[in-house]
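K.L.:
I'd like to go over a predicted model; first the sequence, then the structure.
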Amino acid sequence: MILSEKDFLNNIEVWSVFYFKVLEVSIKIPHYFVVINKDILTSPVLVLPVATSKIEKRKKYYELQSNFLDKWSLIFVKPEETNQILEKESVFDCNQIMIKTIQELYEKYIDKELDYVWVLPENLVLKLREWVKLAKEIDNWIKDLV
């Protein structure tokens, strides 16, 4: 059964995890995105850090960008820290987040391009929020939403 837009919105909560493809991350491979907004209902957009299991690739990116980016913005997580939501050891890069409206997510849901997965543990989401707020590459208006 497909949810109405209102029901979809009512099911989104802080810590919700969605699984979908987005051009800015990968054309072919879906990724896990986590909602970290402090208030979903009043936010104009959702702030979504993305997880990748390509840890070595992300580390190399930071080595090449060492003059610009801080490695501390990488949060490494093991599957057991995510209640097995993430099947592999993964990394969140808090300097690179996705911004999506609820409408955009709902359209992906209607087109069956998005799965709602579960919610992450609170301690991990709090860490993501803290590190996004510290990230140099994130605009202040976005930081205010988390």
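P.N.:
The structure has been received and is ready for your questions.
K.L.:
E130 versus the closest residue to E5 other than its chain neighbours, what's the distance?
P.N.:
For E5, ignoring the flanking residues on the chain, the nearest one in space by CB to CB, 6 or more residues apart in numbering is Y106 at 5.3 Å. The way it works is simple: take the backbone N, C-alpha and C, and place the C-beta from them, glycine included. Distance, Y106 to E130, using CB to CB, to the nearest Å: 29 Å.
K.L.:
these two: which is more packed in?
P.N.:
The residue with more neighbours, out of Y106 and E130, is Y106; 19 against 14, by other CB atoms under 10 Å.
K.L.:
element containing the more buried one, please.
P.N.:
Element membership of Y106 [criterion: DSSP states H and E] is helix 102-110.
K.L.:
what comes up buried for that helix?
P.N.:
For helix 102-110, burial by neighbour count (16 or more other CB atoms under 10 Å) applies to I102, E104, L105, Y106, K108, Y109.
K.L.:
quick check: Y32 touching W118?
P.N.:
No - using CB atoms under 8 Å, Y32 is not in contact with W118, being 10.0 Å away.
K.L.:
what is in contact with the two at once?
P.N.:
Common neighbours of Y32 and W118, counting by CB atoms under 8 Å, 6 or more residues apart in numbering, are V17, I85.
K.L.:
the more surrounded of these two?
P.N.:
Remark: of Y32 and W118, Y32 carries more neighbours, 24 against 14, as counted by other CB under 10 Å.
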